[in-house]
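[1] Sequence first, predicted model second:
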Amino acid sequence: MASSSNAKHKRIAEEEEEEEEEEEETLEEIEGFDDFTLASSWERFISEIEAICRVWMVDGPKNLVEKGAECLGSQKKLYKVKSEMKHGTKLYSIEYYFCVSNKGKASFWDDDLHDLQLSFGVSDFMVIAPLSASGVVLDAPESTKLLSSVAIALTNCGSNWPAFVPVHDPSRKAYIGIQNLGLIFTRRFDADRIGSQVPIRLMHLEGLYELFISKFALYSVDFSASFFKVQFAMKLTYRSPPYESDDEINSVDPEVNESKGDIVSPNHIKTQWDDDCPWTEWYSAEDPIRGFELVAIWSGRMFESSLEMAELENASSFDAEKWLLCPIIFPFMIDDSTWMFVGFASQIRLLVSALDMSFEAQFLDDFVSVENPASDNSKSSTAIPPPTVLDRVLKEIFHDGGHNSHLVERDNKHSRAIKGAPLESLFAQFCLHSLWFGGCNIRAIASLWIEFVREVRWCWEESQPLPKMPSDSTIDLSACLIHQKLQMLAICIEKKNLSHDTHNSTESVDHTPSGKKVDAEADPFKEPVKNENGSYLRSYCHQDSEPSTSSSFKHHDYSVRSPDLQKVDQVRKGSAGVVGSMMLLHSYQKMHAPYTQDAPIMTEDMHEERLHAVEVFGDAFSFSGQLERDILSSDMSAFKAANPDAVFEDFIRWHSPGDWENDDTDGCAGDGNNWPPRGKLSQRMSEHGNLWRQIWNDSPPLPVLEQKSLLDPIREGEKILHYLETLKPHQLLEQMVCTAFRASADILNQTMYGDFKPMKTRFNQLYITLASTLKPLQANHLREKAELIGDLRRLCLVFEHIEKLLIFAASIHRKLLDVPRLSEAMFSDYFNFYLPKMGTSLESICYDQEFKTKQLVMMHERDAVAILFPPPTANQSWRKVLSMGNLLNGHEPILREIIFSINDRVEDSHYGSSIPMATTEEIQTHRMYIQGTSNDLWVALSVTSWD
């Protein structure tokens, strides 16, 4: 019985336990159900905030970034996500700010910190604000309700994110905030600003220290006599003074000016910063560096009294633990939309637009002519400068300022790959002046070119040398065709002038002075001379023959065994000396090398015409011999005059040794002991009707000085002028674009900017880019016009980026000349900041971010950096009556930032509790961030309390 009753009770107890478990599960399900029919609107608002926060917590920082979180700051550490919600009739936005990676503890003064992070010393945080024009809460109950709602929602989520609500007027930058630090502590935040009439005591460190002490002292004390261990950090920002204005310069030291009378001190002459830069001849660039900001930092100090703070205020900025320097960048260097940069790139862009319009007419006169309707489109938006301006520009172009040729040699090694004119040449100067003439429009360029060609024709007709054009009988085929034509015209002018001179040079070469045993023409050291037509004479010896060195022209070599030596010497003319030991075939005479004319100079288009003619005629050798007939005939005539007894075979042995086959095996064919030389002509020279032999038979024995010049300067000069006068507009503009790019790059390449390796690398790459992009303009067949113009405009953008970087490099180099390490580091920082913008997109790329990268100043560099902050003048210092201390060469900081904080152990203070703690670490009980000047003060306070 007892056993059965026990079993029954046991079964009943198990059933009751099962029912209790089912009831508990049912209660849990009911508790997890949100009955919004009974919840208030405020509870639903809290629930919405909680739901948003839970989503953000589950996603985590990395997923939020992948989902499109907004990046804040240049270092891409801080991000923001945003959501909107409605409570009653108002809309609110809730923003979550978070950091992706924190490598170590962030510095107090990290430039990438958000204002609230810096002010309250927090990392991740939330801000809730109404969606209104002001974005702040103007009603105190509403702000308290918002902050409470966020705090409750974060507590339900188990999050310790601090939350802030902006309050009061937006100009006050006022916030209230709260942060739940677990079950025991709560941290509260408050920030406000005084925008004017800052109390004098709060302008000084002593008063600010006492303000902080008053926030936690439990009784009224004399703070100057009390001691509290307060942690202190301070950041002072100084800004270099602006340049003096003209009025200030004229008003400085009037007594000194009176004592000097009419003498004006050169120090009072206002100059531009880039007066000695290579581009200043063409334009004056805005200084990309408006000044410098110097940050002096004191950190990690402990102070116990206000007297110590007063001593610190009187300390020098040189006592700061750290100096950081940052340049202040002019806006046009960062954002193209705020300022129109004027330089070579901007003007070349206008030149490209002129090239685009140049295809509309066949002749340049069409753009200037009044009757021609083809120029109507260009007239509507362009104008031609007045004649006085035109005359002045022409004088500058044709003025020979005595430029040295070594300036051209300073060009970059890649510069010659660009088919333009050298920098100091006449056409390059025309192109550079055109960039700034009349806004570089097509009509202004056409009018300037027409007058330019008229001036060139005047030089030709008056036989005046072309300025800035060398006449050294060489044509630079790597330059553009117009430059080649002008080079050849300069040579033609010189030859035309020499043709009217006397024949003194002839007498000095062909006649021997009395009393001399050796002919003048046999002098091995005689320089090549010019004939009456201006052609240079040269001594020609084939490389297979013994060279005509000084040892080959010994005077005793003329002692030959010919009985008629005296007769031969009397008729020999135009000899440059003997050719080694070579002897003539039919007379026992040494072979003489004659002076010969240079090959006729030719421009690129003349070479192409000759090659085209050879291709058309087919027989390259035969037609080439006809094309070279005049040259070959001249050489043969000179050889006959220098060697009266010579035969055709002798000429071949001297001129073309490869066509003479020696029969002897001892290699002494030219030795006088083995005369006559044995051998025969090659097969091609032995053929019947050989062209060379025909020319030999027809060529009279004439020395070079008596021959007609191979180049007709009159005919070639007129042909060149005809080319310049009938040049098509697009052909002119194409060569102008190439020359303008090359000349502008060569000018900028002369800039002194120190050893900035990124700048040098980019500039060399610019030359390569210019050469490859401009290559289609050098060909006879052009691509589609729209594609070509688009490429040129993109090239202008690339050029502008490099030009801006170069100007920045020059400015930072000269301002920090005594601290090259600092200047190179700053340029590298700015280069890396600017690098993403250096694309080829025609659209302007604007940046919201500022360049704020600072460089650490070493101790030995501080004196050089302090020079950037010269003592203020009387006109600069009169405004500042009240000083905050910590002056740098008489300049007070433009911004002072201070952080006061105090820590306490939980177990040893009134923050302790009866709850056992696993640790006895310190907590920051009070923290105050102060920012401002003598006219502005912003204070942010955070207090940790035990609830």
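    Ah, there it is. Numbering: from 1, shown residues only.

[2] remind me, longest strand of this structure?
    Under DSSP state E, the strand in the chain containing the largest number of residues is strand 289-303.

[3] Tell me which strands that strand pairs with, and in which orientation.
    Using DSSP bridges, strand 289-303 pairs in its sheet with strand 230-239 (antiparallel), strand 322-329 (antiparallel).

[4] Residues touching the very next helix or strand once past that strand, excluding its own?
    Beyond strand 289-303 on the C-terminal side, the first helix or strand identified by DSSP states H and E is helix 306-313. Counting by C-beta atoms under 8 Å, 6 or more residues apart in numbering, the neighbours of helix 306-313 from elsewhere in the structure are 204-206, 208-210, 223-224, 232, 234, 298, 303, 884-886. To be clear about C-beta, it is placed using only N, CA and C from the backbone, and glycine gets the same treatment.

[5] list the buried ones in helix 306-313?
    Judged by neighbour count (16 or more other C-beta atoms under 10 Å), helix 306-313 contains these buried residues: S306, E308, M309, A310, L312, E313.

[6] closest to L822 among these?
    The shortest distance between L822 and any of these, using C-beta to C-beta, involves L312 and amounts to 27.1 Å.

[7] and the gap between that closest one and I445?
    For L312, the distance to I445 equals 66 Å [C-beta to C-beta, to the nearest Å].

[8] pLDDT weak spots in the stretch 301-450 of the chain?
    Under the criterion pLDDT under 70, the flagged ranges of the stretch 301-450 of the chain are 335-339, 370-381, 401-412.

[9] quick one: which of the buried residues of helix 306-313 is nearest P386?
    Nearest to P386 among these, counting by C-beta to C-beta, is E313 at 63.9 Å.

[10] Any of the contacts of helix 306-313 buried? List them.
    204-206, 208-210, 223, 232, 234, 298, 303, 884-886.

[11] from memory A191 sits against L937, does it?
    No: using C-beta atoms under 8 Å, A191 is not in contact with L937; the gap is 11.5 Å.

[12] one step back: in the longest strand of the chain, what counts as buried?
    Counting neighbours by 16+ other C-beta under 10 Å, the buried set in strand 289-303 is I289, R290, G291, F292, E293, L294, V295, A296, I297, W298, S299, F303.

[13] ok, now which ones touch the third one?
    Same thing as G291. G291 makes contacts with R239, S240, P241, P242, P327, I328, as judged by C-beta under 8 Å, 6+ apart.

[14] Please name the bridge partners of it.
    Assessed by DSSP bridges, G291 has beta-bridge partners I328.

[15] quick one: it from K468, how far?
    Distance from G291 to K468, counting by C-beta to C-beta: 41 Å.

[16] cool, and the second one?
    Plainly put, R290 is 38 Å away from K468 if you go by C-beta to C-beta.

[17] follow-up on the earlier one: quick one: which of the buried residues of strand 289-303 is nearest H801?
    Within the buried residues of strand 289-303, distances to H801 taken as C-beta to C-beta reach their minimum at I289, with 17.4 Å.

[18] Which parts of the stretch 601-750 of the chain are strands?
    With strands called from DSSP state E, counting those that start in this stretch, the stretch 601-750 of the chain shows them at 660-662, 679-681.

[19] start to end distance for stretch 95-108?
    23 Å (C-alpha to C-alpha, to the nearest Å).

[20] With stretch 437-448 instead?
    End-to-end distance of stretch 437-448 (C-alpha to C-alpha): 8 Å.

[21] Can you give me the neighbour number for Q924?
    Neighbour count for Q924, taken as other C-beta atoms under 10 Å: 15.

[22] quick check, it in a strand?
    Yes: read with DSSP: H, G, I helix; E, B strand; the rest coil, Q924 is one of the residues of a strand.

[23] wait, what's in contact with it?
    When contacts are counted by C-beta under 8 Å, 6+ apart, Q924 touches G121, S901, I902, N903, S942, T944.

[24] who does the fifth one bridge with?
    For S942, the residues forming beta bridges with it (DSSP bridges) are F189, R927.

[25] Isn't it up against Q117?
    No: S942 is not in contact with Q117 according to C-beta under 8 Å; the separation is 11.9 Å.

[26] neighbour count winner among the two?
    S942 (23 against 19).

[27] Quick one: residues contacting the more buried one.
    Neighbours of S942 in contact, by C-beta under 8 Å, 6+ apart: F120, G121, R187, R188, F189, D190, Q924, H926, R927, M928.

[28] export those residues to CSV and tack on pLDDT and distance to E95?
    Supplementary listing: the contacts of S942 in CSV, determined by pLDDT from 0 to 100; distance: C-beta to C-beta, whole Å:
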residue, pLDDT, distance to E95
F120, 91, 16
G121, 89, 19
R187, 91, 19
R188, 92, 20
F189, 94, 16
D190, 94, 20
Q924, 85, 25
H926, 91, 27
R927, 93, 23
M928, 94, 25
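
[29] What is the nearest of those to P872?
    M928 (31.4 Å).

[30] ok, that closest one - contacts?
    L211, F212, K215, I898, I899, F900, S901, V939, A940, L941, S942.

[31] can we see that at 10 Å?
    When the contact criterion is C-beta atoms under 10 Å, 6 or more residues apart in numbering, the partners of M928 are 119-120, 208-209, 211-213, 215-216, 230, 898-902, 939-943.

[32] rewinding a little: most neighbours among the contacts of Q924, which one is it?
    In terms of neighbour count, S942 stands highest of the contacts of Q924 at 23 neighbours, by other C-beta under 10 Å.

[33] Quick one, grab the pLDDT at that residue.
    Confidence per residue is given as pLDDT, and for S942 that number is 93.

[34] same check, this time on the one 5 residues further on
    According to the per-residue confidence, D947 scores 61 in pLDDT.

[35] do D630 as well
    80.

[36] Give the burial count for D818, as a bare number.
    When counting by other C-beta under 10 Å, one arrives at 12 neighbours for D818.

[37] Check what pLDDT it gets.
    93.

[38] quick one: what helix or strand has the residue lying closest to it once chain neighbours are set aside in it?
    When the adjacent residues along the chain are set aside, D818 lies closest to A864, with 4.1 Å between them (C-beta to C-beta, 6 or more residues apart in numbering). Element membership for A864, per DSSP H and E: helix 862-866.

[39] Give me the packing partners of that helix, helices and strands only.
    Contacts of helix 862-866 with other secondary structure elements, assessed using 3 or more C-beta pairs under 10 Å, 6 or more residues apart in numbering; DSSP states H and E, are made with strand 289-303, strand 322-329.
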